[in-house]
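K.L.:
here is a sequence together with a model predicted from it:
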Amino acid sequence: MTDQMKFWYAIYTLSRSEKKLAKELDKKGIENFLPLLPLKKQWSDRKKTVLEPVFSSYVFVKMDLKSEKIRVLQTPGAHHILSLDGSPLPIPEEEIELVKIFVRDFPEHLRVQSEEKMEPGNKVLITRGSFKGYRAIVIRKISSVSVKVNISGIQSSISVDLDPDSIETQEEKNIGRSSR
């Protein structure tokens with residue numbers, strides 16, 4: 001199979017299965033790319049540097065969709081191919097190459113920012129500052145992100161502008177103080 005028939009696709013993985021999927025794809029001889037960054041983690045008893053995926057829940061696969069799609073999706077850890085309007089969305093080779101260069105040459109400067117977390121209506125957890133540990137809803141985004149906290153019972157809300165780096169997406173429905 002020629003490389004001209006192969007394109008890069010983002011494969012959405014099962015939760016925390018990125019490394020497993022990449023390893024299984026390697027075993028099958030399927031070209032893949034899992035960008036990893038070294039991150040320092042601290043537990044109560046030790047510090048350790050671990051390799052974490054740059055893009056949580058995604059592994060990039062270069063494949064011919066017609067002949068390799070089923071093999072890829074049947075690989076343990078694979079969930080689905082990122083699609084737009086039901087059609088798998090190819091990722092330009094140049095974008096994959098740029099990510100490879102950034103991860104290889106500038107890992108200490110690399111910051112991945114999910115644009116989806118800043119969309120109005122999304123639920124977020126505030127991770128830094130005076131509001132650390134609180135959940136809120138994004139109401140607008142400019143250079144900072146406005147989040148809204150609903151006060152249950154009195155049908156009122158309050159909003160504040162925060163640095164986008166101080167929030168993370170939440171899937172939970174309850175808004176207010178986190179139990180973490």
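P.N.:
Nice, thanks for sending it over.
K.L.:
geometric centre of the chain: which residue is closest?
P.N.:
S56 (3.6 Å; C-alpha atoms, centre = their mean).
K.L.:
that residue and P164: what is the separation?
P.N.:
From S56 across to P164, the span is 17 Å (C-beta to C-beta, to the nearest Å). Quick note: C-beta positions are derived from backbone N, CA and C, even for glycine.
K.L.:
for the nearest residue to I91 once chain neighbours are set aside, phi and psi?
P.N.:
Closest residue in space to I91, ignoring its immediate chain neighbours: W8 at 4.3 Å, by C-beta to C-beta, 6 or more residues apart in numbering. Main-chain torsions, W8, degrees, to the nearest 10: phi -80, psi 140.
K.L.:
same check, this time on E97
P.N.:
The phi/psi pair for E97 (degrees, to the nearest 10) is phi -60, psi -40.
K.L.:
helix, strand or coil: sort out R135 for me.
P.N.:
For R135, the secondary structure call by DSSP: H, G, I helix; E, B strand; the rest coil comes out as strand.
K.L.:
I'd say it and I126 touch.
P.N.:
Yes. Under the criterion of C-beta atoms under 8 Å, R135 makes contact with I126 at 7.5 Å.
K.L.:
before we move on, the earlier item: the residue nearest to the centre of the chain falls within a helix, correct?
P.N.:
No. S56 is assigned coil when assessed by three-state DSSP, not a helix.
K.L.:
for it, which non-adjacent residue is closest in space?
P.N.:
E18 (7.6 Å).
K.L.:
that neighbour contacts V59, correct?
P.N.:
Yes. Assessed by C-beta under 8 Å, E18 is found in contact with V59 at 5.5 Å.
K.L.:
ok, now which ones touch A10?
P.N.:
55, 58-60, 81-82, 89, 91 (C-beta atoms under 8 Å, 6 or more residues apart in numbering).
K.L.:
no further questions, thank you.
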